[in-house]
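A.B. asks: I would like to see how this sequence folds:
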Amino acid sequence: MSVETVSELRVYRAETMREALRLVREELGPKALIVRTETLWTKRWFGKARIAGVEVFAQAGERSLDEDERPQIVRFPEGPAAARQVPAKPAPPTPAPELSAPPRPAVAASSPTKAVVPTPVESRNAAAEREARKTLRQALARAEFPEGAIEEELDRLFAAASAEERTQAATLLPILARRFAEALRVERGALPMPGGSLRIALVGATGVGKTTTAAKLAARYSLDNGLRVGLVGVDTYRMGAVDQLEEYAKLLEVPLCIATSAAEMQRAMRQLSDCDVILVDTAGRSPLDARSVGELAGVLDAGEVDHVWIAASASTHAGAFATAIEKLSPLAPTGLVLTKLDEQIACGHLWPALSTIDLPTFYLADGQRVPEDLAPADAKRIARALIGAPARNGRAKSEKAMDDRANRSTSPSIENGSDTFLKNAA
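C.D. replies: Purely as a prediction, here's the structure:
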């Protein structure tokens with residue numbers, strides 16, 4: 001609320017006419033003379049005009065401010081075209097001045113309020129912004145983002161972008177990927193404490209690639225980090241699972257133990273006590289089978305594992321992905337390994353789960369080659385995969401060492417999945 005004085009004429013501004021008239025009464029009394037009223041409008045970007053308040057021009061007078069003397073507010077529909085002049089009650093004729101009193105100053109007629117009309121530049125920007133949003137919406141739909149998530153993310157993106165950025169889809173898409181990367185939780189691998197050991201169990205549904213991932217991790221820790229690695233196989237339910245793990249252990253030249261119970265798990269850990277890293281490949285069962293999950297929890301507890309990583313396939317349906325993580329919570333998971341990224345053109349369907357679960361991603365796997373197709377998690381790479389621009393893992397120094405061992409070994413080569421059991425690896 002405010003009051004200005006122009007000669008004897010006073011201008012009262014308020015949010016409502018009732019409030020403005022109250023100010024007039026308080027200062028000029030009930031016989032104040034209302035000269036003119038105006039409605040104040042504000043303009044919103046690509047929106048509608050709205051009433052911001054009123055102005056009342058008044059001066060001390062002889063006429064009472066009765067109900068029938070109050071100026072009437074004419075309301076128009078909201079919108080730019082609605083910002084018209086509000087008809088004001090015409091000012092009463094100025095009484096003839098007395099000889100002893102100076103004449104009252106004339107009050108200039110109010111100028112009409114101009115209608116809010118978008119400029120040509122504003123119209124072009126609005127059209128460009130709509131086109132950019134349409135382009136991004138189509139891109140996210142192709143990347144398999146859920147429809148609700150698309151609109152939510154675009155609203156956030158456009159709200160934070162500048163006026164120029166909002167008109168350029170090519171500029172907005174990298175900004176969106178950067179926002180995704182900043183929101184993701186990642187941990188770049190795990191190493192044992194000096195003088196200690198690290199025990200990691202891989203869990204998950206059947207067919208997500210746990211055994212292959214265990215072999216890749218064993219190669220990384222052994223060849224890249226120079227650590228002593230041991231393998232423990234718990235998957236005695238799937239035909240050929242132990243044979244596959246044995247082939248990997250022979251090729252990597254690392255010890256392997258098989259455990260089917262809590263007692264056998266304790267014995268296996270004792271046998272591998274001189275290893276720096278022990279990797280446990282568990283049985284692939286349905287996360288919905290609460291009994292099997294409970295049994296596995298008992299075996300892992302007996303092994304006193306430090307990390308429980310959920311191997312989750314990028315090709316898993318969004319609902320099944322989130323459900324698997326929830327149902328495996330009795331195992332006290334500490335992180336994720338995203339597998340089979342090479343089987344998905346885009347992974348937008350995983351964004352709702354990845355953005356809400358309280359688990360970091362440790363590794364990314366995008367193929368069956370051991371160990372090349374495994375790399376520490378990278379938030380930018382995950383973000384690119386989400387929007388449909390995946391990149392393969394880089395070549396590690398362990399690849400040459402694996403080639404040398406494969407050439408010396410009598411076991412089938414695991415390069416490029418040449419052996420039949422590798423073609424069908426989980």
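
A.B. asks: may I have the phi/psi pair for the closest residue to Glu343 other than its chain neighbours?
C.D. replies: Distances taken as CB to CB, 6 or more residues apart in numbering place Ser315 nearest to Glu343, at 4.8 Å, with adjacent residues excluded. Where you see a C-beta, it was placed from the backbone N, CA and C, and this is true even at glycine. Note on Ser315: its backbone torsions stand at phi -90, psi 0 [degrees, to the nearest 10].

A.B. asks: residues near Ser315, how many?
C.D. replies: When neighbours are defined as other CB atoms under 10 Å, Ser315 has 17 of them.

A.B. asks: give me every residue that touches Val337.
C.D. replies: Contact analysis of Val337 by CB atoms under 8 Å, 6 or more residues apart in numbering lists 202, 213, 309-312, 361-365.

A.B. asks: would you mind putting the CA coordinates of the helix or strand containing it into CSV?
C.D. replies: Element membership for Val337, per DSSP states H and E: strand 335-339. C-alpha atoms of strand 335-339 as CSV (Å, rounded to 0.1, in the frame of the first residue of the first chain):
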residue,chain,number,x,y,z
GLY,A,335,25.7,-51.3,-4.2
LEU,A,336,24.9,-52.2,-7.8
VAL,A,337,26.6,-53.6,-10.9
LEU,A,338,24.8,-52.6,-14.1
THR,A,339,25.1,-55.4,-16.6
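
A.B. asks: from the chain's centroid, how far away is that strand?
C.D. replies: Mean C-alpha position of strand 335-339 versus that of the full chain (CA atoms, centre = their mean, to the nearest Å) differs by 18 Å.

A.B. asks: which helices and strands does the very next helix or strand once past it pack with?
C.D. replies: Next helix or strand after strand 335-339 toward the C-terminus (DSSP H and E): helix 351-354. The contact analysis (3 or more CB pairs under 8 Å, 6 or more residues apart in numbering; DSSP states H and E) places helix 351-354 against helix 318-327, helix 379-386.

A.B. asks: weakest of those helices by average pLDDT?
C.D. replies: Lowest mean pLDDT within these: helix 318-327, at a mean of 82.

A.B. asks: which strands or helices does it pack on?
C.D. replies: When contacts are defined as 3+ CB pairs under 8 Å, 6+ apart, helix 318-327 sits against strand 307-313, helix 351-354.

A.B. asks: before we move on, back to that, surely the residue nearest to Glu343 touches Gln344?
C.D. replies: Yes - between Ser315 and Gln344 there is a contact under CB atoms under 8 Å: 5.4 Å.

A.B. asks: tell me who's in contact with the residue nearest to Glu343.
C.D. replies: 340, 343-344.

A.B. asks: among the residues you listed, which one has the lowest pLDDT?
C.D. replies: Gln344 (78).

A.B. asks: for the residue nearest to that one when sequence neighbours are not counted, what are phi and psi?
C.D. replies: Of all residues not flanking Gln344 in the chain, Ala314 sits nearest, at 4.7 Å (CB to CB, 6+ apart). Main-chain torsions, Ala314, degrees, to the nearest 10: phi -70, psi -20.

A.B. asks: show the contacting residues for Ala314.
C.D. replies: Contacts of Ala314 by CB under 8 Å, 6+ apart are 338-341, 343-344, 347, 350, 385.

A.B. asks: quick revisit: neighbouring strands for the strand holding Val337, and are they parallel or not?
C.D. replies: strand 307-313 (parallel), strand 361-365 (parallel) (DSSP bridges).

A.B. asks: quick one on the thing from earlier: how close does the residue nearest to Gln344 get to Ala262?
C.D. replies: Separation of Ala314 from Ala262 (CB to CB, to the nearest Å): 33 Å.

A.B. asks: which residues of the chain score low on pLDDT?
C.D. replies: Low-confidence segments of the chain (pLDDT under 70): 1-7, 41-51, 62-123, 235-241, 390-426.

A.B. asks: can you do 50?
C.D. replies: Residues of the chain meeting the criterion pLDDT under 50: 6, 45-48, 63-89, 96-102, 105-117, 394-426.

A.B. asks: and the longest helix seen in it with helix 379-386, angle?
C.D. replies: Secondary structure of the chain per DSSP state H: the longest helix is helix 120-142. Going by axes from the mean of the first three to the mean of the last three CA atoms, to 10 degrees, helix 120-142 is angled at 90 degrees with respect to helix 379-386.

A.B. asks: returning to what we had before: with mean neighbour count and distance to Leu140 added, can I get the helices and strands packed on helix 318-327 in a markdown table?
C.D. replies: Shown next, in a markdown table, are the helices and strands packed on helix 318-327 (neighbours: other CB atoms under 10 Å; distance: least, CB to CB, whole Å):
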| stretch | mean neighbour count | distance to Leu140 |
| --- | --- | --- |
| strand 307-313 | 25 | 21 |
| helix 351-354 | 22 | 9 |
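
A.B. asks: adding distance to Gly294, write these out as a markdown table.
C.D. replies: Putting the helices and strands packed on helix 318-327 into a markdown table (distance: least, CB to CB, whole Å) gives the following:
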| stretch | distance to Gly294 |
| --- | --- |
| strand 307-313 | 14 |
| helix 351-354 | 24 |
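
A.B. asks: which stretch among these comes nearest Ala58?
C.D. replies: With CB to CB, the closest approach to Ala58 among these belongs to helix 351-354: 59.1 Å.

A.B. asks: give me the contacts around that closest one.
C.D. replies: 145-146, 149, 180, 184, 318, 321-322, 325, 361, 382, 386.

A.B. asks: just the closest of those residues to Gly233, please.
C.D. replies: Distance to Gly233 across these (CB to CB) is lowest for Ile325, with 23.7 Å.
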